[in-house]
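Engineer: This is a predicted model, with the sequence first.
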Amino acid sequence: MENQRNISEFIFMGLSSDQNIQIFCFVLFLFCYVALLVGNLLILVSIQCSPLFHQATYYFLSHLPSMDICYTSCVTPKLISDLLLGRKTISYGNCMLQVFSLHFLGMIEICILTVMAFDCCVAICKPLHYMVIMNSTRCNLLLLAAWAGGAVHSFSQFSMVINLPFCGPNEIDHYYCDIFPLLKVACTDTYITGILVVANSGMVALVTFILLFGSYVIILFTLRNHSAEGRCKALSTCGSHITVVVLFFGPSIFAYLRPPTTFPEDKIFSLFYTIIVPMFNPLIYTLRNTEMKKAIRKVWCQKIFYEEKYS
């Protein structure tokens, strides 16, 4: 490995070389990251401290904020510090760690979104059998399967990148270490590796999106037989999930399901699934979910009242 690699760090070209744009991006992404942390922690604590945690839907939803925080923390703090300090370098080891972490956590999030769609489908299509189908044992197994899926996907991607020789150019046209930009600077023919990446990440994104789309077609078909009130409640719950799926999978499919090359637009689309979607997840899941809003008010209003009473 060492005789194939004689570079110790990579240099990010970043989002822009314009100083004013960098200042604007620094302020914007710092705000986004703080909002992301506050919003996702609010959702996480609210579910953990309320009876909703024992319901399968919210049990899975409680794991989504933690994945969002971990996933975006692999990229955003580094991006913010680079914009602030003007130093856009990353060591080879940290670059490889970033590749592994992003694909590991990203795949877990994809699996959790898929499991949430399955949960929504069972709740609407098999309401009388819901508690039997989505028991605590099955929920834990589904969550374990999500982590296993993340491990299998990330190790397969990581094994392809870690064996690439890097001996010449080390400037990456991106703001974090992703596979296609790394393939561009590798000192070998990466065509086959690029095809394997598309077959892995691209097909995972496409197949998962098709499965999710199919589940919502089934849900909409089933809702025809429900009352108007039942349809509104079900659509409110599933609508938030559909929004997240479209925002997350649209850019992901564009980024990975195509010939193995890079485009300037990649960096803009990457912002959606690394920063924008994780930031908006709390808003999407609270503003369209009555039970979630009630849980937040109950948990935090009681906490404030308790502190005022005993202060």
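Structural biologist: Structure received. Residues are numbered from 1 along each chain as shown.

Engineer: Wait, a helix at Thr114?
Structural biologist: Yes: Thr114 sits within a helix when classified using DSSP: H, G, I helix; E, B strand; the rest coil.

Engineer: so what's it up against?
Structural biologist: Taking CB atoms under 8 Å, 6 or more residues apart in numbering, we find Thr114 in contact with 208, 211-212. Backbone N, C-alpha and C define where each C-beta goes, glycine included.

Engineer: Only whichever of these are buried, select them in PyMOL.
Structural biologist: Written as a PyMOL command, the selection of buried residues from the contacts of Thr114, which uses 16 or more other CB atoms under 10 Å, is:
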select buried, resi 208+212
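
Engineer: Keep only those of the contacts of Thr114 that are in strands.
Structural biologist: Per DSSP state E, strands hold no members of those.

Engineer: Output the contacts of Thr114 in CSV, with pLDDT appended to each entry.
Structural biologist: Putting these into CSV (pLDDT from 0 to 100) gives the following:
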residue, pLDDT
Thr208, 86
Leu211, 86
Leu212, 84
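
Engineer: Mind checking which of the contacts of Thr114 are in helices?
Structural biologist: Among these, the residues falling in helices (DSSP state H) are 208, 211-212.

Engineer: can I get the residues you listed in TSV with distance to Leu128?
Structural biologist: Output for the ones in helices among the contacts of Thr114, formatted as TSV (distance: CB to CB, whole Å):
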residue	distance to Leu128
Thr208	28
Leu211	24
Leu212	24
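
Engineer: Which single one of the contacts of Thr114 is nearest to Val38?
Structural biologist: Closest approach to Val38 among the contacts of Thr114 (CB to CB): Leu212, at 28.0 Å.

Engineer: so what's the closest one up against?
Structural biologist: Contacts of Leu212 by CB under 8 Å, 6+ apart are 113-114, 117, 245, 249.

Engineer: Name the residues of stretch 88-98 that are buried.
Structural biologist: So, applying 16+ other CB under 10 Å, buried residues of stretch 88-98: 88, 90, 95-96, 98.

Engineer: ditto for stretch 72-79
Structural biologist: Here stretch 72-79 shows 72-76, 78-79 as buried, counting by 16+ other CB under 10 Å.

Engineer: Pull the most distant pair out of the buried residues of stretch 88-98.
Structural biologist: Lys88 and Met96 (17.5 Å).

Engineer: Show me where the stretch 201-311 of the chain has its strands.
Structural biologist: For the stretch 201-311 of the chain, strands defined by DSSP state E, counting those that start in this stretch do not occur.

Engineer: And the helices in it, which stretches?
Structural biologist: For the stretch 201-311 of the chain, helices defined by DSSP state H, counting those that start in this stretch occupy the ranges 203-222, 228-256, 266-271, 277-287, 290-310.

Engineer: any chance of those helices in a markdown table, with distance to Thr137 too?
Structural biologist: Listed next are the helices of the stretch 201-311 of the chain as a markdown table, based on distance: least, CB to CB, whole Å:
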| stretch | distance to Thr137 |
| --- | --- |
| helix 203-222 | 22 |
| helix 228-256 | 23 |
| helix 266-271 | 37 |
| helix 277-287 | 25 |
| helix 290-310 | 24 |
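
Engineer: Tell me which of those helices sits nearest to Ser136.
Structural biologist: helix 290-310 (19.2 Å).

Engineer: mind checking how far Asp18 is from Pro181?
Structural biologist: From Asp18 across to Pro181, the span is 20 Å (CB to CB, to the nearest Å).

Engineer: My error: substitute Cys232 in the last question.
Structural biologist: 45 Å.

Engineer: Kindly report the same for Val245.
Structural biologist: With CB to CB as the criterion, Val245 and Pro181 are 26 Å apart.

Engineer: just Asp173 next, same as before
Structural biologist: Taking CB to CB, one finds Asp173 at 6 Å from Pro181.
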